[in-house]
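In: the sequence isn't on hand, but the structure is:
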């Protein structure tokens, strides 16, 4: 039997990313932003991306929806 660690398509073990505080980014990682920092007391915000405007909102069920 082949050693899975030596096969070219073996899944790599994922290491836990270093804990980042809000607003910090770690090299190669995404920036973590708290939703409350984006929305404040609002139920939704508009996000401009290039020529498009997207709406990020919280539903009554507490889920997030991003729409164009």
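Out: That came through, no problem. Bear in mind that the values here come from a model prediction, so they are computed numbers and not experimental data.
In: quick check, residue 38 in a strand?
Out: No - according to DSSP: H, G, I helix; E, B strand; the rest coil, the state of residue 38 is helix, so it is not within a strand.
In: thinking it is in contact with residue 56, fair?
Out: Yes - in this structure residue 38 lies within contact range of residue 56 using C-beta atoms under 8 Å: 7.3 Å. Just so you know, the C-beta spots here come from the backbone N, C-alpha and C atoms, and that holds for glycine as well.
In: the two: which has the busier surroundings?
Out: More neighbours surround residue 56 than the other of residue 38 and residue 56, with 16 against 12 (other C-beta atoms under 10 Å).
In: for the more buried one, what are phi and psi?
Out: phi -110, psi 120 (degrees, to the nearest 10).
In: tell me the strands beside the helix or strand encompassing residue 48, with direction?
Out: Using DSSP states H and E, the element containing residue 48 is strand 44-49. Strand 44-49 has its sheet partners listed here by DSSP bridges as strand 52-58 (antiparallel).
In: in the partner strand, what's buried?
Out: For strand 52-58, a neighbour-count test (16 or more other C-beta atoms under 10 Å) marks residue 56 as buried.
In: residues contacting stretch 61-68, please?
Out: Applying C-beta atoms under 8 Å, 6 or more residues apart in numbering, the external contacts of stretch 61-68 come out as 35, 47, 52, 53, 54, 55, 56, 57, 58, 59.
In: any shared contact partners between residue 38 and residue 56?
Out: With C-beta under 8 Å, 6+ apart, residue 38 and residue 56 have common neighbours residue 45.
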